[in-house]
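Asker: quick one, fold the following:
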Amino acid sequence: MLRLLVILLVLANGAYFVWTERWLDPLGFAAPSVSEPQRMAGQIRPQDLKVTLESGVPPPLAGASAPAGAGSGPASAPAPYAAAPAEAASAPSACLQAGPLDAATLAALKPVLATLPAASWTLEPVVEPARWTVYMGKYDAATLERKKGELARKNIAFDPIAAPALQPGLSLGRYSAEGNARAALAQLASRGVSTAKVVLERPEGRVQLLKLPAADAALQGRLAPLRSALGAKLPLKAC
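Answerer: The predicted structure is shown next:
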């Protein structure tokens, strides 16, 4: 039985092969076609394509250079693109200020400020707090030098007093409150300083703050006279 089944399968496969190879077409047993001729008929034939000008596009001018390799003469080079105008890079502006300025300093600065654009600077009133100092003085020249030597040997810092009414003398420290100055005096007394005292070096007052809110590169190039008039003690600095 099994042998018969194998023989039938072999015969069936052979018949299918003969049928698909279209050997039975003359006998009317044609196999269906698997090709799609309609797709071939719908394909674009490149040999039938034609290049035409689009409506509204002007034809090339007479005498225009031919593409490279199309003629005997050399192809003309395309015109270079016009460079876009470069925008000038503006230097960033800076806010500068100096002060506080008392009336005398401000009066000396007025001629220099008059040379600058009027809208480039302003004067802002500010309150300058009182300043207290631990003071030694007034001394003659010889006594002043002797006191400096004594303080140096005790490793106590000092500097010349700033207030004209207290010169010549020495300041052993400056404070915004009288109580802080007196506490410092007590510490100095424990280190052997017996002749110092607390004085008001500068009372509270109203002064001016010079401000240049938007100093660009052009304005900053004109500030040398102003810096010179302000001096090292009142430099222009960032706001």
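Asker: strands of this protein, start to end?
Answerer: 94-101, 122-128, 131-137, 159-160, 169-175, 197-202, 205-215, 237-238 (DSSP state E).
Asker: how many residues are close by residue 147?
Answerer: 19 (other CB atoms under 10 Å). To be clear about C-beta, it is placed using only N, CA and C from the backbone, and glycine gets the same treatment.
Asker: ok, now how distant is it from residue 153?
Answerer: Residue 147 is 11 Å from residue 153, where distance means CB to CB, to the nearest Å.
Asker: can you check residue 194 too?
Answerer: Using CB to CB, one gets 15 Å for the distance from residue 194 to residue 153.
Asker: cool, residue 233 as well?
Answerer: For residue 233, the distance to residue 153 - CB to CB - is 30 Å.
Asker: from the centroid of this protein, which residue is nearest?
Answerer: Centroid-nearest residue in the chain: residue 92, 9.3 Å away (criterion: CA atoms, centre = their mean).
Asker: if I look at the nearest residue to it once chain neighbours are set aside, how far off is residue 93?
Answerer: Distances taken as CB to CB, 6 or more residues apart in numbering put residue 216 closest to residue 92, at 7.9 Å, once the chain neighbours are dropped. Counting by CB to CB, the gap from residue 216 to residue 93 is 5 Å.
Asker: so what are the domain limits for this structure?
Answerer: 94-127+206-238, 131-203 (automatic domain parsing).
Asker: now for this structure, the helix or strand with the poorest mean pLDDT.
Answerer: The helix or strand of the chain with the poorest confidence is helix 37-42; it has a mean of 58 (mean pLDDT, DSSP states H and E).
Asker: buried ones in stretch 131-141, by neighbour count?
Answerer: By 16 or more other CB atoms under 10 Å, the buried positions in stretch 131-141 come out as 131-137, 139.
Asker: make CSV out of those and add pLDDT and distance to residue 171.
Answerer: Formatted as CSV, the buried residues of stretch 131-141 follow (pLDDT from 0 to 100; distance: CB to CB, whole Å):
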residue, pLDDT, distance to residue 171
131, 94, 10
132, 96, 10
133, 97, 5
134, 97, 7
135, 97, 6
136, 96, 8
137, 93, 9
139, 94, 13
